[in-house]
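Colleague: show me how the following folds:
(one chain, ligands or ions: 2)
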Amino acid sequence: MMDKAIRLASFFALDGEATDCKECKTGHINSTYFITTDKGSRYVLQMINKNVFKKPDEVMENIYGVTTYLKELIKNNGGDPERETLTVVLANDGKTFFLDENGDTWRMYLFIKDAKTEDSAESTELFELVGEAFGNFQCQLSGYDASTLYETIPNFHNTKHRFATFLSSLEKNASGRADRCKKEIEFLCEREAKCSLIVDKIASGELPLRVTHNDTKLNNIMLDSNTGKPLAVIDLDTVMPGSLLYDFGDAIRFGASSAAEDETDLCKVFVKTDMFDAFAKGYIRGLGGSVTETEIRMLPAGAYVITLETGMRFLTDYIDGDTYFRTEYPEHNLDRARNQFKLVADMEEKEDMLNEIVEKYITK
Ligand code: GN1
Ligand code: MG
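Modeller: Numbers count the residues shown, from 1 in each chain. Ligands and ions are numbered 1, 2, ... in the order given. The predicted model follows:
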């Protein structure tokens, strides 16, 4: 695959000839390679997972549009448009992607130098800044015309729809594993009604649709290696209309958890309320007053629903036989589901506390 990546790199307008390639293994979906040329220029080459993104050209059209827009804003703010957002490197034919002989879509970004990602935030101070960066990203995109965006994964955070998909997977039981996760199935089924909490309010108009990121894990923020502070929001594959509750929620699910997403010692898995508080504070500040009071009040519900949804997605994939998320061992998806459900249970216990935290940041 490395040789192939080097060969594919030559189809893009690079500075020099690709000579070195290293694989990056963090994402669960796309395949990612770091490319270096003989002139020392560095790039990120990715193969878009076509099983997940059925129309990769639409993904690229969204990303090209959004990053072009963000670059303008960054420039006007005196920032560095090549460091503070992704830069799409065009293919030799001027397209935003290259289609290989197997029908796989590849894309190239500039590598952001002196920057890193983290899988856990080491301090509340940093997590507050991450919250501000995601809030600010949301605020920046409030001026972007949502009607020009494709829905790259239909019903991505339609939790009710995801529950229906879970039920049909359970009925098919393609992997024959349903017997091995009875407790988890029961846990989820008891919470079916919770899946509607946000979806129904979007349908009734109580919650607005906004241009959102939809995958706000901490490791989708690049941090400046020198200052340690947030620099750019990356992984823009799922930027599309959605509720900001999901963006807030996904960041909490991942970054305010006391443990990794696949920690198997469940005693170690709980929501860190100080991290929740820090992120909420930063996020609301970053939003810059552009949202409704209902949205702010429902932030804890966003964290709850997205954690339930993510656990449900891992469980569904386990029952399907691991067809969606990259796994490192056979029970990986089940371990992830158990982990997420433990977080859900902890959020239920801490519900009042989380609501009180958010209440502090409502400006009347
Ligand atoms: C996937 O690509 P990555 O690892 O950032 C997934 C998210 C999940 C996440 C769970 C397109 O994100 O929705 O929350 O794994 N992305 C897609 O870790 O399905
Ligand atoms: Mg990612």
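
Colleague: residue contacts, the residue most central in space within the chain?
Modeller: In the chain, the centroid-proximal residue (Cα atoms, centre = their mean) is residue 215; its distance is 1.6 Å. By Cβ atoms under 8 Å, 6 or more residues apart in numbering, the contact list for residue 215 reads 235, 237, 238, 250. For the C-beta atoms, the positions are set from N, CA and C on the backbone; glycine is no exception.

Colleague: which ones among the residues you listed map onto helices?
Modeller: Using DSSP state H, the subset of the contacts of residue 215 located in helices is residue 250.

Colleague: now the contacts of residue 215 in CSV, with pLDDT, neighbour count and distance to ligand 1?
Modeller: Formatted as CSV, the contacts of residue 215 follow (pLDDT from 0 to 100; neighbours: other Cβ atoms under 10 Å; distance: Cβ to the nearest ligand atom, whole Å):
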residue, pLDDT, neighbour count, distance to ligand 1
235, 96, 22, 5
237, 97, 26, 6
238, 97, 23, 5
250, 97, 26, 6
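
Colleague: could you work out the most separated pair of the contacts of residue 215?
Modeller: Maximum pairwise distance among the contacts of residue 215 (Cβ to Cβ): 13.6 Å, between 237 and 250.

Colleague: ligand 1 contacts on the stretch 201-350 of the chain?
Modeller: 215, 217, 220, 235, 237, 238, 250, 261, 310 (Cβ under 6 Å from any ligand atom).

Colleague: distance of the fourth one from residue 6?
Modeller: To tie it back to what came earlier, the one meant is residue 235. The gap separating residue 235 from residue 6 is 23 Å, by Cβ to Cβ, to the nearest Å.

Colleague: one more: the third one?
Modeller: To residue 6, residue 220 is 26 Å away according to Cβ to Cβ.

Colleague: tell me which of these two has more neighbours.
Modeller: Higher neighbour count among residue 220 and residue 6: residue 220, with 23 against 17, using other Cβ atoms under 10 Å.

Colleague: wouldn't that one be in contact with residue 234 here?
Modeller: Yes: at 5.4 Å, residue 220 counts as touching residue 234 under the criterion of Cβ atoms under 8 Å.

Colleague: who touches both of these two?
Modeller: Common neighbours of residue 220 and residue 234 (Cβ under 8 Å, 6+ apart) are residue 117.

Colleague: neighbouring contacts of the lowest-mean-pLDDT helix or strand in the chain?
Modeller: Counting by mean pLDDT, DSSP states H and E, the chain has its least confident helix or strand at helix 2-9, which shows a mean of 91. Identification of contacts with helix 2-9 by Cβ under 8 Å, 6+ apart yields 18, 19, 21, 23, 33, 35, 43, 45, 98, 100, 106, 108.

Colleague: just the buried ones from the residues you listed, in PyMOL syntax?
Modeller: Here is the PyMOL selection string for the buried members of these, based on 16 or more other Cβ atoms under 10 Å:
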select buried, resi 18+21+33+35+43+45+98+106+108
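
Colleague: can you tell me how far residue 198 is from ligand 2?
Modeller: 22 Å (Cβ to the ion, to the nearest Å).

Colleague: okay, now that residue: neighbour count?
Modeller: By other Cβ under 10 Å, 27 other residues sit near residue 198.

Colleague: let me see the contact set for it.
Modeller: By Cβ under 8 Å, 6+ apart, the neighbours of residue 198 are 157, 159, 207, 243, 245, 246, 298, 301, 302, 305.

Colleague: need the pLDDT of the residue nearest to the fifth one when sequence neighbours are not counted.
Modeller: Just to be clear, that refers to residue 245. Nearest residue to residue 245, sequence neighbours excluded (Cβ to Cβ, 6 or more residues apart in numbering): residue 302, at 3.0 Å. What the model reports for residue 302 is a pLDDT of 98.

Colleague: after the strand or helix carrying residue 302, next one along is what?
Modeller: Per DSSP states H and E: residue 302 is located in helix 299-320. Later in the chain than helix 299-320, the nearest helix or strand by DSSP H and E is helix 332-349.

Colleague: helices or strands next to that following helix in the packing?
Modeller: Packed against helix 332-349, as judged by 3 or more Cβ pairs under 8 Å, 6 or more residues apart in numbering; DSSP states H and E, are the following elements: helix 182-189, helix 299-320.
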